[in-house]
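[1] quick one: sequence and predicted model below, then my questions.
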Amino acid sequence: MATAKKVPLRQCMGCGEMKSKKEMLRVLRSAEGEVFLDITGKKNGRGAYICKDAGCFEMARKKKALERSLKIEISEEVYDSLKGELEKIDK
């Protein structure tokens, strides 16, 4: 009798919904302190997840949820570059 494989769930930093890991984007803080999107979801570093929705990104930005989760202060320039990357992925 085969058992069902467990689907890893992650919580969105914007809306707070639990979704499967594959449905979400990972925002990564590397060991050097850089913050960027990790498309593969496998790079080393501290990660936080957001939905592939610009609205969720804006909510996470407003609540400073990414800053709390990644334990780093994020500048407006970094937020703008993350938003640009997110828009490229959405298309």
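    Yes, it's here.

[2] can you pull out the strands in this protein?
    Listed in chain order, the strands of the chain (DSSP state E) span 9-11, 18-20, 24-29, 35-38, 46-51.

[3] and the first one, which strands flank it?
    The one in question is strand 9-11. Applying DSSP bridges to the sheet, strand 9-11 is found paired with strand 18-20 (antiparallel).

[4] and the partner strand, which residues are buried?
    For strand 18-20, the neighbour count (16 or more other Cβ atoms under 10 Å) marks residue 19 as buried. All C-beta atoms are positioned from the backbone trio N, CA, C, and that covers glycine.

[5] nearest to residue 83, out of the strands of the chain?
    strand 35-38 (10.2 Å; Cβ to Cβ).

[6] so what strands line up beside the closest one?
    strand 24-29 (antiparallel).

[7] show me where the protein has helices.
    Applying DSSP state H to the chain gives helices spanning 54-63, 65-70, 76-90.

[8] can you add distance to residue 16 and give those back as TSV?
    Converted to TSV, the helices of the chain look like this (distance: least, Cβ to Cβ, whole Å):
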stretch	distance to residue 16
helix 54-63	9
helix 65-70	9
helix 76-90	18
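
[9] picking that back up, quick one: the strands of the chain as a markdown table, columns for distance to residue 57 too.
    Listed next are these as a markdown table, based on distance: least, Cβ to Cβ, whole Å:
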| stretch | distance to residue 57 |
| --- | --- |
| strand 9-11 | 15 |
| strand 18-20 | 15 |
| strand 24-29 | 9 |
| strand 35-38 | 10 |
| strand 46-51 | 6 |
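
[10] ranking the helices of the chain by mean pLDDT, which is last?
    Of all the helices of the chain, mean pLDDT reaches its minimum on helix 76-90 (a mean of 88).

[11] alright, I will stop here.
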